[in-house]
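Colleague: build me a structure from this.
(one chain, ligands or ions: 1)
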Amino acid sequence: MLLMLGGLAGAAALTYGEYASRASHSQLYGRSFVGLRRSSRLLALTYDDGPDPRNTPALMDVLSRHSVRATFFFLGCNVAKEPQLAREVARAGHVIANHTYHHPRLIFCTPARVRTELLECERILSGEVGEHSRLWRPPYGRRLPHVMRAAEKVGLEAIMWSVNPRDWSLRTASEVEKRVLRCARGGDVILMHDGGGDRLHTIEATDRLIGRYKNEGYQFVTVPEMMKANGSHTAQEETSKKESSRETKPVV
Ligand SMILES: [Zn+2]
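Modeller: Numbers count the residues shown, from 1 in each chain. Reported below is the predicted structural model:
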């Protein structure tokens, strides 16, 4: 009986550990910023996996038309392919951040490999873009203690999200729009993608969402601006917000 109880406790601990490594709002393995209180009227649009010549220029046009600045989590390997585009995004006033060099599943990497992935991305961002943020986002949103410790040692601050429409899995702008509308209530960091495939539906959804939320009095800011805003706090205070209701399956 005791053995059985021990086994169940072990399984529960494993399941919770697995959950904590995936859940965007979890602070179990290290501090991550996920947004502000719901009373906030600020929203932060974030885009992962670029720069991508198929999507990023069109996305920049939409953001420019609305005078909105976003936060881009670039992959070092894509900056190497599109350095001019990366510079254009930065020159347009958007915030540039680190999403590793090759987009590996860091939880399966050694601490040394995690460090290399982050430093190589930092190196190319510094070389091609110049001054940029000290923010990073783990690929697939997966974290473990050795991953978070390596990033801290490199001097990077982890940014997760509070709204994930899983835009990469959807085919139309309306689907992306609906999922964000269902979840974003204010103070949200919204995760979308401008790389990894055709993201034209994400770009069209961005256009519609900015129009809708601006009409309702929301203001779009970059992640650093959101972090500086009054009442800023991390998800350590956030667990009571029942984030799971705003979170679809966490994949970046
Ligand atoms: Zn990614």
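Colleague: now T71: how far from E157?
Modeller: 12 Å (CB to CB, to the nearest Å). (C-beta placed from N, C-alpha, C; glycine too.)
Colleague: for the residue of the stretch 101-250 of the chain found nearest the ion, what are its contacts?
Modeller: With CB to the ion as the measure, P139 is the residue of the stretch 101-250 of the chain nearest to the ion, at 4.7 Å. Neighbour list for P139: 99-100, 103-106, 252 [criterion: CB atoms under 8 Å, 6 or more residues apart in numbering].
Colleague: are any of these buried, and which?
Modeller: For the contacts of P139, a burial check counting by 16 or more other CB atoms under 10 Å picks out 99-100, 103, 106, 252.
Colleague: export the residues you listed as JSON lines, with columns for secondary structure.
Modeller: Listed next are the buried ones among the contacts of P139 as JSON lines, based on DSSP: H, G, I helix; E, B strand; the rest coil:
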{"residue": "H99", "secondary structure": "coil"}
{"residue": "T100", "secondary structure": "coil"}
{"residue": "H103", "secondary structure": "coil"}
{"residue": "L106", "secondary structure": "helix"}
{"residue": "V252", "secondary structure": "coil"}
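Colleague: what's the helix or strand containing M192 packed up against?
Modeller: Using DSSP states H and E, M192 falls within strand 188-193. Contacts defined by 3 or more CB pairs under 8 Å, 6 or more residues apart in numbering; DSSP states H and E place strand 188-193 against strand 42-48, helix 200-215.
Colleague: OK, contacts around P51?
Modeller: So, once contact is read as CB under 8 Å, 6+ apart, P51 ends up touching 72, 74, 78-79, 82, 85-86, 89, 194-195.
Colleague: how does it look with 6 Å?
Modeller: 78, 82, 85-86 (CB atoms under 6 Å, 6 or more residues apart in numbering).
Colleague: which ones among those residues map onto helices?
Modeller: Per DSSP state H, helices hold the following members of those: 78, 85-86.
Colleague: what would those residues look like in a markdown table with pLDDT and distance to T110?
Modeller: As requested, the ones in helices among the contacts of P51 are exported to a markdown table (pLDDT from 0 to 100; distance: CB to CB, whole Å):
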| residue | pLDDT | distance to T110 |
| --- | --- | --- |
| N78 | 98 | 24 |
| L85 | 98 | 32 |
| A86 | 98 | 28 |
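Colleague: near the ion, from the residues you listed?
Modeller: When CB under 5 Å from the ion is taken as the criterion, no member of the ones in helices among the contacts of P51 contacts the ion.
Colleague: what subset of those is buried?
Modeller: For the ones in helices among the contacts of P51, a burial check counting by 16+ other CB under 10 Å picks out 78, 85-86.
Colleague: nearest to D61, of the residues you listed?
Modeller: Using CB to CB, L85 comes nearest to D61 of those, at 12.9 Å.
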